[in-house]
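K.L.:
Quick one, what's the 3D model for this:
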Amino acid sequence: MFSVGDKVVYPMHGAGTIQNIEEKSVLGETRAYYILRIPYGRLQVMVPVVGSDAAGLRPIVTKEKITEVRELLSAPSTPMDENWNRRYRENMDKLRSGDPCKVAEVIRNLMRVEREKRLSTGEKKLLANARQILASEIVLVEGIPEEEAMSMIDKAV
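P.N.:
As a prediction, the model looks like this:
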């Protein structure tokens with residue numbers, strides 16, 4: 001269980017801080033919810049306390065893990081399916097995992113594909129979302145501005 005003030009990552013939304021834990025009635029059922037403030041886009045997300053593990057809510061990683069992520073960003077690309085639709089689904093699954101190493105892999109591979117040929121509109125959005133998710137976690141771990149985190153990602157690739 002998390003507490004108010006904890007820094008967490010919610011897959012597909014990014015990293016944020018638990019602002020409050022509130023009882024809310026949704027569809028006639030009262031439950032406790034984590035109220036997350038995600039700085040990117042100034043989002044506020046409600047995550048049910050029960051089932052938050054299954055939803056992928058996790059604490060932010062350590063600085064050592066961010067170092068590993070930087071190394072992954074500059075490592076050689078991994079093979080991806082030639083079919084953009086299958087590639088999109090595989091990359092989306094990696095994003096949903098919430099694992100920063102898998103998110104970094106998606107960013108690295110798609111940025112390199114984009115340099116050689118055009119990405120589909122869906123893949124462009126997926127890349128932008130992956131960059132935002134990873135940058136939001138780097139911001140909280142390293143205590144740096146978002147622009148600096150994005151620049152770090154781009155330079156590493």
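
K.L.:
Pull up the gap between the residue nearest the centre of the chain and Pro79, please.
P.N.:
Taking C-alpha atoms, centre = their mean, the centroid of the chain lies closest to Ile133, which sits 3.0 Å from it. For Ile133, the distance to Pro79 equals 23 Å [C-beta to C-beta, to the nearest Å]. From N, CA and C alone the C-beta is placed, and that goes for glycine too.

K.L.:
Equivalent analysis for Gly16, please.
P.N.:
From Gly16 across to Pro79, the span is 33 Å (C-beta to C-beta).

K.L.:
roughly how far apart are the residue lying closest to Tyr10 once chain neighbours are set aside and Lys65?
P.N.:
Distance criterion C-beta to C-beta, 6 or more residues apart in numbering; nearest residue to Tyr10, sequence neighbours excluded, is Leu57 at 5.5 Å. Per C-beta to C-beta, Leu57 is found 17 Å from Lys65.

K.L.:
what does Ala135 give?
P.N.:
Ala135 is 15 Å from Lys65, by C-beta to C-beta.

K.L.:
Can you get me a residue count around His13?
P.N.:
Residues within reach of His13, counting by other C-beta atoms under 10 Å, total 21.

K.L.:
Against Ala156, how distant is it?
P.N.:
According to C-beta to C-beta, His13 and Ala156 sit 23 Å apart.

K.L.:
Could you do Tyr33 as well?
P.N.:
36 Å.

K.L.:
What backbone torsions are found at the residue nearest to Tyr10?
P.N.:
Backbone geometry at Leu57, expressed as degrees, to the nearest 10, gives phi -60, psi 130.

K.L.:
Ser3 now?
P.N.:
Main-chain dihedrals, Ser3, degrees, to the nearest 10: phi -120, psi 160.

K.L.:
now the closest residue to it other than its chain neighbours, which residues is it bridged with?
P.N.:
Leaving aside its sequence neighbours, Ser3 sits nearest to Ile18 (C-beta to C-beta, 6+ apart; 6.9 Å). The residues listed as beta-bridge partners of Ile18 by DSSP bridges are Leu36.

K.L.:
I am finished for the moment; much appreciated.
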